[in-house]
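[1] Fold the following.
(one chain, ligands or ions: 2)
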Amino acid sequence: MNNLLKIAIAGASGRMGHMLIEAVNAADDTQLAGALDVASSPAIGQDAAAFSGKLSGVAISADLSAGLADADYLIDFTRPEGTLKYLEYCAEHGIKMIIGTTGFDDAGKAAIAEAAKKTAIVFAPNMSVGVTVTMKLLELAAKSFAEGYDIEIIEAHHRHKVDAPSGTALKMGEVIASAIGRDLNEVAVYAREGETGERDPSSIGFATIRGGDIVGDHTVLFAGIGERVEISHKSSSRVTYANGSLRAARFLQDKQHGLFDMNDVIGLR
Ligand SMILES: NC(=O)C1=CN([C@@H]2O[C@H](COP(=O)(O)OP(=O)(O)OC[C@H]3O[C@@H](n4cnc5c(N)ncnc54)[C@H](OP(=O)(O)O)[C@@H]3O)[C@@H](O)[C@H]2O)C=CC1
Ligand SMILES: O=C(O)C1=N[C@H](C(=O)O)C[C@H](O)C1
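    Residues are numbered from 1 along each chain as shown. Ligands and ions are numbered 1, 2, ... in the order given. All right, here's what the predicted structure looks like:
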């Protein structure tokens, strides 16, 4: 096929990096065009697909100009500081980005929005179709449960996750708060301990669980008097994030610039 999407992967030796390299190699419309990792990674110089027992002909590099020389797209699941470094290069060179990394502060998010004036970017804390649809269900539910129901967001992830609450949980909080006219910055409660006093009815609470190999579970609880409603999404494999990321790359094919999310990608806007 001539018009294969030429995709580079950042964080190539990470959990998502491996999943993405397998997905890019398995799809018939994509080609692995580069692989990046931190200079200190023992994987530098190795074939990007070596972990899978196959060879891709693409070596993992820490050098952006080498790692991105043949790429039209960069899929980034790393850490905010890594993303921001890649972002600058991609904006300058017109390389489209799919950013799945979480844990950005407001300045980081503003930098992504600024870069999207120069190149096309899909930025989402969760690339799964299931979570994207769940966000819409939450919007609807929140409007009905705005009064008389306490809203709590519970998330569980594997022991290696470094940010909390998850990017998805925070996004769920933002979606719910915006649907019912609250400002998440004012109503979020991220921890409770000791004598907390009664629950503020306007608050949106977060609870974080970390353990084992949990891929990613999110539940939003609307707790009223005499009933409670729970809306849950559970990921059983990271393949869902990888497939969503490839779908995002296909979506960007005809975009030259602009900031998009998974609602745009799956047509839920
Ligand atoms: N949007 C979504 O759908 C999803 C988002 N995520 C997010 O993706 C990110 C990565 O998750 P995961 O794959 O589990 O994490 P891993 O720790 O397994 O992988 C991270 C990769 O990024 C590399 N890295 C670390 N620091 C930097 C840096 N400063 N610059 C460049 N690269 C760096 C790591 O290299 P080394 O190991 O050598 O440090 C590693 O290769 C997290 O933010 C996570 O929340 C995860 C799943 C789904
Ligand atoms: O770190 C992870 O693993 C995940 N991170 C994302 C998040 O922070 O929401 C998405 C998913 O839950 C897996």
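
[2] When you work out contacts or count neighbours from here on, use the C-alpha atoms and nothing else.
    Noted.

[3] thinking K171 is in contact with P125, fair?
    Yes: with contact defined as C-alpha atoms under 8 Å, K171 and P125 form a contacting pair (7.4 Å).

[4] Quick check on those two: which one has the bigger neighbour count.
    P125 (22 against 17; other C-alpha atoms under 10 Å).

[5] I'd say that one and M172 touch.
    No: between P125 and M172 no contact is recorded; they are 10.1 Å apart, counting by C-alpha under 8 Å.

[6] helix/strand/coil for Y241?
    helix (DSSP: H, G, I helix; E, B strand; the rest coil).

[7] Contacts only, for it.
    Y241 makes contact with 126-128, according to C-alpha atoms under 8 Å, 6 or more residues apart in numbering.

[8] same deal with D76?
    9-11, 83, 97-101.

[9] I'd like to know how far the closest residue to ligand 1 within the stretch 151-269 of the chain sits from G100.
    Going by C-alpha to the nearest ligand atom, ligand 1 is nearest to Y241 of the stretch 151-269 of the chain, at 4.6 Å. Separation of Y241 from G100 (C-alpha to C-alpha, to the nearest Å): 9 Å.

[10] Can you show me the helices along the stretch 101-250 of the chain?
    106-115, 129-144, 167-179, 184-187, 239-252 (DSSP state H, counting those that start in this stretch).

[11] okay if I get the ones you listed as JSON lines plus mean pLDDT?
    Listed next are those as JSON lines, based on pLDDT from 0 to 100:
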{"stretch": "helix 106-115", "mean pLDDT": "98"}
{"stretch": "helix 129-144", "mean pLDDT": "98"}
{"stretch": "helix 167-179", "mean pLDDT": "98"}
{"stretch": "helix 184-187", "mean pLDDT": "98"}
{"stretch": "helix 239-252", "mean pLDDT": "98"}
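
[12] Identify whichever of those lies nearest to H233.
    helix 129-144 (6.5 Å; C-alpha to C-alpha).

[13] what inclination does the closest one have with respect to helix 239-252?
    90 degrees (axes from the mean of the first three to the mean of the last three C-alpha atoms, to 10 degrees).

[14] Give the buried residues for helix 129-144.
    Using 16 or more other C-alpha atoms under 10 Å as the burial criterion, the residues of helix 129-144 that qualify are 129, 131-132, 134-136, 138-139, 141-142.

[15] Kind regards, and thank you for your time.
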